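>>> Take this sequence and fold it.
(2 chains)
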Amino acid sequence: MQLRFSSLYAAIVLVFAATIASAIEVRTAVLRVDYQTQLPISRFDYIPEDVGFAGALLADEDNSTTGSFLGHSYKTLTRATTPEEAEAALRDILEDGIRLIVVLADQDDLLRLTDQAAQADALVFNAAAPDSGLRSDECRANLLHTALSYGQMADAVAQFALWKKWPQWLLVSGSNPEDRALADAYRHAARKFGATVVEERMFEDTGGARRTDSGHVLVQRQLPVFMQDTKAHDVVMTADATDYFAAYLPYHLWTPRPVMGSAGLRPAQMHGGHEAYGATQLQSRFEKLAGRYIRDADYNTWMALRAVGEAVTRAETATPEGVRDYLLSEDFELASFKGQGVTFRPWNGQMRQQVLLYDDRVTVSVSPQDGFLHQHSPQDTLGLDKPESNCTAFD
Amino acid sequence: MRALSALAVVATLTAGLAVWSAPAMAGKAFVSNERGNTITVVDTEKWEVITEFFGGNRPRGITMSPDGRKVYVCASDDNLVRVFDADTYEELPSLPSGPDPELFILEPSGTRLYIANEDDNLVTVTDTETRTVLAEVPVGVEPEGMGMSPDAKWVVNTSETTNMAHFISTEDYKIKHNVLVDQRPRYAQYTADGTRLYVSSEIGGTVSVMDIAPDGTPSLIKKLTFEVPGVLPEWLQPVGIKVTADGSRVFVALGPANRVAVVDGNSLDVLDYIIVGQRVWQLDFTPDEKFLLTTNGNSNDITVIDVAREKAIKSIQVGEQPWGVVTQRNGGN
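This is a model prediction of the structure:
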């Protein structure tokens, strides 16, 4: 009898000890900087109030379900702020003890906040900024990117155009700095994969309201005129990161050609119509929670927090160094609902991933395309490869 | 006592009848066509299509009753399990499945059906006779693969986003063990002697091999990896698994690599890769284990593999985007 009791006691102690050893409380934050911007051309593209945050909510649910079997719990704080108040908002988050932070902001704010986070040894995930510099000269050791870069997007579209044997491009770009940066990415993609930009046109952003009654009447008269007398081309590539003209182009060209880039066939990280590779389940889980379709910012945030979840699940760590080391190691891989696992590039912290190409309704194709080979990973044919990146923060 | 022995006599007679009648019947395989919404019936002696019939909306997982008389189909978009007569192909009353059933496993007695609800993080247990739900077991995110130990004491469910194999006791429907595996586990298969379990990870590109103790406790012993010259590693995506009755050979469908890997069940070495149709997902042996059938979703066909020779011998066009396959045991009636 005595013996029985003591072995029972030993068993209880063992179970208890195991629970204690593996119990991890994971606290993360999503900091979103909101900007005064003009309305999008289409009201389908109005930005929902919970953009990004809804992705965090789903990640918490997914991670918590897994965590329930392992004694791990997850809680994500979400905060929207302005550029002026961003620093204070981040200070609050850091003072709260949170060291794993997803940031949705433009390049300049992201860098400022990342450097502020570095003072507290916090790890930042970029879930919004596509600028190439962040993956090269302006990279940071404590900054990982789940957001696609302009380079990944342009390369994804370029590969499809070349797979179709449409190598002659007419490049039409916007005049804002973001549009110019995106146009650079398309020029780079043309050189990289052997396409030719036969001619370029710039569509000047003259400002003014995006919403005008019967504005389409003017568009229908003016745009074809702007698009006449071009050199022979297979496709019209558009670089309109600020969304003011490209959406009008597909049916207002002078010469009928497919439009790609910022309109027509567009690159996306995820979109509400994508169903292949098990994505239906992601969509229905998301829609149940958010009551709307998923957007890139939600997906990027979800991926960042799911990556944290993988580090906690498999490496049993929730410290910024521990998570960073695991995510940059060979051991990390995350299913992405795009057909292949995703990993991080150890030279600049960019997430390697497939890029969906869609026409606003269905997934037309997924890049990288067949035949674009790479000695390490086909996903490295998209965006800055190791020799192309000037990033040294990860050395 | 008298009632019991009478029952035993009936059971013996039935079993004897089934064995006796089997050779007289042409074998059949049933293939679920995910996109075509149909079930293709294939004659497994002549290797010809017998017919194709409506199988519900988005038919995926497919299995049969132990007596070979009923075909069960996960009609994912109908949120139920459709049931068909294996001889007349007439539809019989459906079974409740919970939302979005993807794969299931029927216990050897034919009574309890364990169904993975991909959209709801649940395994639903349905009684095939009373057509009622007996239990709902909360599991990880996106449950898919379903395996059962030969003694029917354990059901193993794999969850594709949680990346675990959950070991559910069939006595109290509680999870007793969780084993972390690689990304996107799709399928779980026990050996016939119940001492080993194989779990495929589609995105991880591996098959986790677990030894199973007599009390059902799993221990992960190895992860199989695959390598095919000229095929990108990213496309080596293990899904369906079947093991020969003696455990000596393990066949693993490798998805978009368009190959079935042949693994030595003892040494756990990968011996060969058999080229089949495009995007191969699920597998089933013919009852005599002479042939292995593969569903090739992107070439709309099934491949017949000669198991002894480990060679593909034939492919047969079926419906649109074949997903699952089951062969008829016991020859039906």
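>>> rest of the way, CA atoms for contacts and neighbours
Will do.
>>> which residue ranges form the helices in chain B?
Across chain B, reading from the start of the chain, the helices by DSSP state H fall at B:2-21.
>>> same thing with chain A?
Counting by DSSP H, the helices of chain A are A:2-22, A:53-68, A:86-95, A:107-119, A:150-163, A:177-193, A:215-226, A:279-290, A:296-315, A:320-328.
>>> and of the ones you listed, who's closest to A:D385?
helix A:150-163 (10.1 Å; C-alpha to C-alpha).
>>> quick one: contacts for residue 278?
Here I'm looking at chain A. With contacts defined as C-alpha atoms under 8 Å, 6 or more residues apart in numbering or on different chains, A:G278 is in contact with A:F337.
>>> my question was about chain B
B:G255, B:P256, B:A257, B:N258, B:N296, B:G297, B:N298, B:S299.
>>> Measure how buried residue 94 is and give me the count.
All of this refers to chain A. Under the neighbour criterion other C-alpha atoms under 10 Å in any protein chain shown, A:L94 is assigned a count of 20.
>>> ah, no, chain B please
When neighbours are counted by other C-alpha under 10 Å, B:S94 registers 16.
>>> A:P387 is nearest to which of the helices of chain A?
helix A:177-193 (13.2 Å).
>>> tell me what the closest one is packed against?
Helices and strands touching helix A:177-193, as assessed by 3 or more C-alpha pairs under 8 Å, 6 or more residues apart in numbering or on different chains; DSSP states H and E, comprise helix A:150-163, strand A:168-174, strand A:196-203, strand A:235-239.
>>> Show me what the longest one is packed up against.
Same thing as helix A:150-163. Using 3+ C-alpha pairs under 8 Å, 6+ apart, the elements in contact with helix A:150-163 are helix A:177-193, strand A:259-261, strand A:266-268, strand A:355-358, strand A:363-367.
>>> Same list, the helices and strands packed on helix A:177-193, but as a markdown table with mean pLDDT please.
As requested, these are arranged in a markdown table below (pLDDT from 0 to 100):
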| stretch | mean pLDDT |
| --- | --- |
| helix A:150-163 | 98 |
| strand A:168-174 | 97 |
| strand A:196-203 | 96 |
| strand A:235-239 | 98 |
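>>> looking at the ones you listed, which is buried most?
The highest mean neighbour count among those belongs to strand A:235-239 (a mean of 27), with neighbours defined as mean count of other C-alpha atoms under 10 Å in any protein chain shown.
>>> how far does it sit from the chain's center?
Taking the mean C-alpha point of strand A:235-239 and that of its whole chain, the gap between them comes to 21 Å (C-alpha atoms, centre = their mean, to the nearest Å).
>>> Need the contact partners of that strand.
With contact meaning C-alpha under 8 Å, 6+ apart, strand A:235-239 is reached by A:166-174, A:179-180, A:182-183, A:186, A:246, A:257-263.
>>> cool, stretch B:228-238 as well?
Looking at stretch B:228-238 with C-alpha under 8 Å, 6+ apart, the contacting residues turn out to be A:340-341, B:186, B:200-207, B:226-227, B:252-257, B:273, B:281.
>>> TSV for the helices and strands packed on helix A:177-193, including distance to A:E85?
Putting these into TSV (distance: least, C-alpha to C-alpha, whole Å) gives the following:
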stretch	distance to A:E85
helix A:150-163	27
strand A:168-174	30
strand A:196-203	34
strand A:235-239	31
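>>> mind checking which of the ones you listed is nearest A:A297?
helix A:150-163 (14.9 Å).
>>> Name the residues that touch that closest one?
Residues outside helix A:150-163 that contact it (C-alpha under 8 Å, 6+ apart): A:130-132, A:167, A:181-182, A:185-186, A:189-190, A:193, A:195, A:260-261, A:265-268, A:355, A:357, A:365, A:367-370, A:372, A:381-384.
>>> For residue 221, grab the count of nearby residues.
All of this is about chain A. One way to gauge burial is a neighbour count; for A:R221, by other C-alpha under 10 Å, it gives 11.
>>> that's the other chain; I wanted chain B
11.
>>> again, but for the one 4 residues further on
Using other C-alpha under 10 Å as the criterion, B:T225 is surrounded by 15 other residues.
>>> what do you get for A:A297?
With other C-alpha under 10 Å as criterion, A:A297 counts 24.
>>> Find the nearest non-adjacent residue to it, please.
Nearest residue to A:A297, sequence neighbours excluded (C-alpha to C-alpha, 6 or more residues apart in numbering or on different chains): A:G52, at 4.8 Å.
>>> now A:G339
Leaving out its chain neighbours, the residue that sits closest to A:G339 by C-alpha to C-alpha, 6+ apart is A:Y277, at 5.3 Å.
>>> and that neighbour, how far is that from chain B?
If you measure A:Y277 against chain B using C-alpha to the nearest C-alpha, to the nearest Å, the figure is 10 Å.
>>> Now for that residue: which residues touch it?
Residues touching A:Y277, when contacts are defined by C-alpha under 8 Å, 6+ apart, comprise A:F337, A:K338, A:G339.
>>> what's the second one in contact with, if anything?
When contacts are counted by C-alpha under 8 Å, 6+ apart, A:K338 is found next to A:A276, A:Y277, A:A279, A:Q354, A:V355, A:L356, A:V366.
>>> Mind doing that once more with 7 Å?
Contacts were defined as C-alpha atoms under 7 Å, 6 or more residues apart in numbering or on different chains; by that measure A:K338 touches A:Y277, A:Q354.
>>> Then the first one?
Going by C-alpha under 7 Å, 6+ apart, A:F337 touches A:Y277, A:G278, A:A279.
>>> could you dump those to CSV with pLDDT and distance to B:F167?
Conversion of the contacts of A:F337 to CSV gives the following (pLDDT from 0 to 100; distance: C-alpha to C-alpha, whole Å):
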residue, pLDDT, distance to B:F167
A:Y277, 90, 25
A:G278, 88, 23
A:A279, 93, 25
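>>> Let me know the closest of those residues to A:A290.
Closest approach to A:A290 among those (C-alpha to C-alpha): A:A279, at 16.2 Å.
>>> what's the pLDDT at the closest residue to the closest one other than its chain neighbours?
Leaving aside its chain neighbours, A:A279 sits nearest to A:F337 (5.0 Å; criterion: C-alpha to C-alpha, 6+ apart). Per-residue confidence at A:F337 stands at 94 (pLDDT).
>>> Now A:F337, what are its backbone angles?
Main-chain torsions, A:F337, degrees, to the nearest 10: phi 70, psi 20.
>>> before we move on, the earlier item: could you tell me which of the contacts of helix A:150-163 count as buried?
Buried members of the contacts of helix A:150-163, counted by 16 or more other C-alpha atoms under 10 Å in any protein chain shown: A:130-132, A:167, A:181-182, A:185-186, A:189-190, A:195, A:260-261, A:265-268, A:355, A:357, A:365, A:367-369, A:381-384.
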